[in-house]
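Trainee: from the sequence below, what's the structure:
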Amino acid sequence: MDIIEPCGFLLTDRNFRRAGMDYRAGTDLARHESWDAFRAKAPGRLLLLTTQAARPYADFAFRPSDTLILGRESAGVPDAVHQAADERLLIPMRPGMRSINVAQAAAMVLGEGLRQTGAFPGASA
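Mentor: Below is the predicted model of the structure:
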């Protein structure tokens, strides 16, 4: 997991620790000072999850080297991130429903990417 500054929470925040529960210890966590610093190290395609996309994530062919990008629940990502994205993906929602929590959105789309690429830990190919 990569955190790009400025971000809306502290890694020492009690709520962040509670949300991560047991999984945080098994996660490689990198913190980047800026979008440019992240871009210099980001491998593969940049896939932005956004309500402004037209392509549903379940209709997309994922690759193992893809990087998922999620923004703040309240404001999304800056325009520069939209411009840099190789693909923009949507989680389809019923009309009138609010966007899904960012952690749930990440889990849904990551799960589909892992399924498609056969990368679930312990999964047989």
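
Trainee: tell me which other helices or strands the longest helix anywhere in the chain touches.
Mentor: As assigned by DSSP state H, the longest helix anywhere in the chain is helix 102-117. Judged by 3 or more CB pairs under 8 Å, 6 or more residues apart in numbering; DSSP states H and E, helix 102-117 is in contact with strand 46-49, strand 67-69. Where C-beta positions appear, they are placed from N, C-alpha and C, glycine not excepted.

Trainee: pull the residues that contact it.
Mentor: Outside of helix 102-117, the residues within contact range by CB atoms under 8 Å, 6 or more residues apart in numbering are 19, 47, 49, 57-58, 61-64, 66, 68, 70-73, 89, 91, 99-100, 119-120, 123.

Trainee: in strands, which of those fall?
Mentor: Of the contacts of helix 102-117, the ones assigned to strands by DSSP state E are Leu47, Leu49, Leu68, Leu89.

Trainee: can you pull the contacts of the first one?
Mentor: When you say that, I think you mean Leu47. Applying CB under 8 Å, 6+ apart, the residues near Leu47 are Phe60, Phe62, Asp66, Thr67, Leu68, Ile69, Ala85, Asp86, Glu87, Arg88, Leu89, Val109.

Trainee: try the second one
Mentor: Leu49 makes contact with Tyr57, Leu68, Ile69, Leu70, Leu89, Leu90, Ile91, Ala105, Ala106, Val109 under the criterion CB under 8 Å, 6+ apart.
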